[in-house]
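[1] what shape does this take:
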Amino acid sequence: MAKTATETTRQEPQAHDGAGLHLHMRTLHPAVPVPYFTMEEMTSTAHAATARLPSAPPARDLLYYGGLGALTVAGALEWPVALAVGGATWLLRSGRKEKQSSGAKR
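    Alright, predicted model coming up:
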């Protein structure tokens, strides 16, 4: 059985032909307003946001709690012990500050 010339030239549809499917797509490009901020608006917003933040702790407190954390990382203290010492110190200092501020108001 010999193949004819028409059988050898017949080709299957290629993948890039879409296999007979036609997909119609719609794109939407809505107008999006871009806000314009002036320098005064930016600075007033930044000042209002930073006014609500608590003040920075004193350098002495940063040094104490940083040293406590360093001892924990180095392995000289276990983290539950460091947490207990730091928490107790914070409670004692905040209680002392409240007594000082209430005594000054009288």
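
[2] report the distance from stretch 30-47 to the chain centre.
    22 Å (Cα atoms, centre = their mean, to the nearest Å).

[3] actually stretch 75-86, not the one I typed
    The answer for stretch 75-86 is 28 Å, by Cα atoms, centre = their mean.

[4] just the CA trace of it, in CSV.
    Coordinates of each C-alpha in stretch 75-86 appear next as CSV, following Å, rounded to 0.1, in the frame of the first residue of the first chain:
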residue,chain,number,x,y,z
GLY,A,75,23.9,32.6,76.9
ALA,A,76,24.7,34.1,80.3
LEU,A,77,21.0,34.3,81.1
GLU,A,78,18.1,32.2,80.1
TRP,A,79,15.3,34.2,78.4
PRO,A,80,12.7,33.6,81.1
VAL,A,81,15.1,35.0,83.7
ALA,A,82,15.9,38.0,81.6
LEU,A,83,12.2,38.6,80.9
ALA,A,84,11.4,38.4,84.6
VAL,A,85,14.3,40.7,85.6
GLY,A,86,13.3,43.2,82.8
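
[5] ok, and what's touching that stretch?
    Residues outside stretch 75-86 that contact it (Cβ atoms under 8 Å, 6 or more residues apart in numbering) are 65, 68, 69, 71, 72. Just so you know, the C-beta spots here come from the backbone N, C-alpha and C atoms, and that holds for glycine as well.

[6] what about those, which are in helices?
    The members of the contacts of stretch 75-86 that map onto helices under DSSP state H are 65, 68, 69, 71, 72.

[7] show the buried residues in those residues.
    Buried members of these, scored by 16 or more other Cβ atoms under 10 Å, are 65, 68, 72.

[8] got a list of what the first one touches?
    Spelled out, that is residue 65. Residues counted as contacts of residue 65 (Cβ under 8 Å, 6+ apart) are residue 86.

[9] try it again with 10 Å
    Contact analysis of residue 65 by Cβ atoms under 10 Å, 6 or more residues apart in numbering lists 57, 82, 85, 86, 89, 90.

[10] and the last one, how many neighbours does it have?
    When neighbours are counted by other Cβ atoms under 10 Å, residue 90 registers 13.

[11] and the pLDDT at it?
    We note a pLDDT of 91 for residue 90 in this prediction.
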